[in-house]
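Engineer: here is my input; please provide its structure:
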Amino acid sequence: MSDQERTDEALALAAEAGIHRLAIPTPFMVGRVNAYLIEDSPLTLVDSGPNSAKALDELEQALASHGHAIEDIELLVVTHQHMDHFGLSSILARRSGAEVAALDALAPFLASYGHQVDLEDRFAELLMLRHGIPPEIVTALRAVSAGFRAWGSAVEVSRPLADGGTLELRDRTLRVLHRPGHSPSDTVFVDESRSIMLAADHLIGHISSNPLIARPLDAEEEYSEPRPQALLTYIDSLEKTRAMELELVLPGHGRPITDHVSLIDERFRLHARRAERMRRLIAAEPRTAHEIAQEMWGNVAVTQAFLTLSEVLGHIDLLLRDGAVVEEEHAGVVRFRAV
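Structural biologist: Prediction:
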């Protein structure tokens with residue numbers, strides 16, 4: 001069976017359960033984001049796509065292909081804090097009058113989105129400088145981040161959800177599970193009776209979800225240390241998901257996943273290989289995280305400096321945990337040395 005045939009079969013299985021994938025365009029390298037229409041009562045949309053006219057137009061067309069309009073949406077669910085997933089939420093809620101549901105710990109972030117992004121940018125700036133990224137690159141990246149802000153928009157959560165709780169619809173119950181790592185707020189929704197998980201970016205088939213280092217949701221405003229260990233947190237979340245019995249995982253990007261155990265095992269091997277490669281680089285000579293990123297990804301470590309820094313520091317945390325490297329600071333810049 002071809003990849004396309006497997007995809008069609010999985011999407012047909014989801015459609016039988018009343019769940020329809022709506023692939024919405026984004027301006028980001030990851031490509032389209034998957035929103036999911038759940039034909040139930042209330043009529044539910046999981047994620048929205050980014051705040052753009054193109055995304056809104058295609059979302060309206062996708063809804064129309066299933067016989068619905070934006071005004072029909074009664075419940076809007078936000079899976080996590082990344083703008084490609086919630087950017088249109090405010091517009092959709094205003095036009096439809098829909099309730100907005102999200103993890104309770106995420107609600108303050110969504111309500112004060114602009115201020116929260118200011119805090120995120122300041123946190124990222126301090127982290128980048130501490131780990132060897134030159135100040136001129138940091139300044140340029142802050143300007144890029146400021147330009148991206150409009151793809152998101154503040155939205156009020158009217159139905160906060162507790163980790164381990166449920167979201168009750170007429171024909172199904174969705175278990176709400178906090179699975180942080182890719183972001184601090186990643187939330188998955190599991191239809192346990194059908195063994196279907198709506199996973200957003202917690203698990204993606206064609207790419208490894210990058211565990212981005214971000215301010216904790218409950219952090220004080222001026223927060224910089226200790227550095228959140230995003231990859232260690234993510235691995236713990238993946239282990240919990242691996243232990244679940246699931247027939248179908250519907251991700252935030254790309255094709256449905258029908259064998260989550262094998263995919264997660266491959267992710268674990270990937271992270272082990274990447275950590276070992278970084279250990280060898282550090283064994284050759286002490287390096288900053290930015291220097292390691294440049295060795296591994298070349299100029300991408302400049303154009304995508306924070307993403308690659310998060311990737312390096314996540315794997316360094318594995319090495320620190322195992323006692324393979326130590327962290328040394330000089331003049332405010334951290335280098336890592338092999339033990």
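Engineer: now the strands for the stretch 201-339 of the chain?
Structural biologist: Secondary structure of the stretch 201-339 of the chain, counting by DSSP state E, counting those that start in this stretch: strands at 248-251, 325-330, 333-338.
Engineer: in JSON lines: those, plus mean pLDDT.
Structural biologist: Compiled in JSON lines, the strands of the stretch 201-339 of the chain are given as follows (pLDDT from 0 to 100):
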{"stretch": "strand 248-251", "mean pLDDT": "98"}
{"stretch": "strand 325-330", "mean pLDDT": "96"}
{"stretch": "strand 333-338", "mean pLDDT": "98"}
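Engineer: a markdown table please, covering those and showing distance to residue 122 and mean neighbour count.
Structural biologist: Yep, even glycine has a C-beta here, placed from its N, CA and C like the rest. Formatted as a markdown table, those follow (distance: least, C-beta to C-beta, whole Å; neighbours: other C-beta atoms under 10 Å):
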| stretch | distance to residue 122 | mean neighbour count |
| --- | --- | --- |
| strand 248-251 | 31 | 24 |
| strand 325-330 | 20 | 13 |
| strand 333-338 | 18 | 18 |
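Engineer: can you add distance to residue 235 and give those strands back as a markdown table?
Structural biologist: Output for those, formatted as a markdown table (distance: least, C-beta to C-beta, whole Å):
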| stretch | distance to residue 235 |
| --- | --- |
| strand 248-251 | 17 |
| strand 325-330 | 18 |
| strand 333-338 | 20 |
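Engineer: please work out how many residues are found near residue 173.
Structural biologist: Neighbour count for residue 173, taken as other C-beta atoms under 10 Å: 12.
Engineer: what does residue 193 give?
Structural biologist: By the measure other C-beta under 10 Å, the count of residues near residue 193 is 10.
Engineer: contacting residues for it?
Structural biologist: By C-beta atoms under 8 Å, 6 or more residues apart in numbering, the contact list for residue 193 reads 172, 173.
Engineer: quick one: closest of the strands of the stretch 201-339 of the chain to residue 37.
Structural biologist: Closest approach to residue 37 among those is made by strand 248-251 (11.4 Å; C-beta to C-beta).
Engineer: list the helices and strands the closest one packs on?
Structural biologist: helix 3-16, strand 33-38, strand 196-200 (3 or more C-beta pairs under 8 Å, 6 or more residues apart in numbering; DSSP states H and E).
Engineer: how far does that strand sit from the chain's center?
Structural biologist: Remark: strand 248-251 is offset 14 Å from the chain centroid, using C-alpha atoms, centre = their mean, to the nearest Å.
Engineer: one more: stretch 19-37?
Structural biologist: Put simply, stretch 19-37 sits 13 Å off its chain's centre (C-alpha atoms, centre = their mean).
Engineer: could you do stretch 306-317 as well?
Structural biologist: Between the centre of stretch 306-317 and the centre of its chain there are 15 Å (C-alpha atoms, centre = their mean).
Engineer: list the contacts of it.
Structural biologist: Stretch 306-317 is touched from outside by 124, 127-128, 131, 133, 141, 210-213, 227, 229-232, 234, 271, 274-275, 278, 289-290, 292-293, 296-297, 300-301, 325, 336, with contacts defined as C-beta under 8 Å, 6+ apart.
Engineer: filter these to the buried ones?
Structural biologist: Among the contacts of stretch 306-317, the ones that count as buried by 16 or more other C-beta atoms under 10 Å are 124, 127-128, 131, 133, 141, 210-213, 227, 229-232, 234, 271, 274-275, 278, 289-290, 292-293, 296-297, 301, 325, 336.
Engineer: any residues touching the strand or helix carrying residue 84, and which ones?
Structural biologist: Assigned by DSSP states H and E, residue 84 falls within helix 83-86. By C-beta under 8 Å, 6+ apart, the list of residues contacting helix 83-86 from outside reads 26, 28, 30, 33, 47-51, 78-80, 110, 148-149, 151-152, 155, 200-201, 252.
Engineer: if you set the cut-off to 7 Å instead, what comes out?
Structural biologist: Residues from elsewhere that reach helix 83-86 (C-beta atoms under 7 Å, 6 or more residues apart in numbering): 26, 28, 33, 47-50, 78-79, 110, 151-152, 155, 200, 252.
Engineer: show me those that map onto strands.
Structural biologist: Counting by DSSP state E, those place 33, 200 in strands.
Engineer: nearest to residue 56 among the contacts of helix 83-86?
Structural biologist: Using C-beta to C-beta, the contacts of helix 83-86 come closest to residue 56 at residue 49, 7.7 Å.
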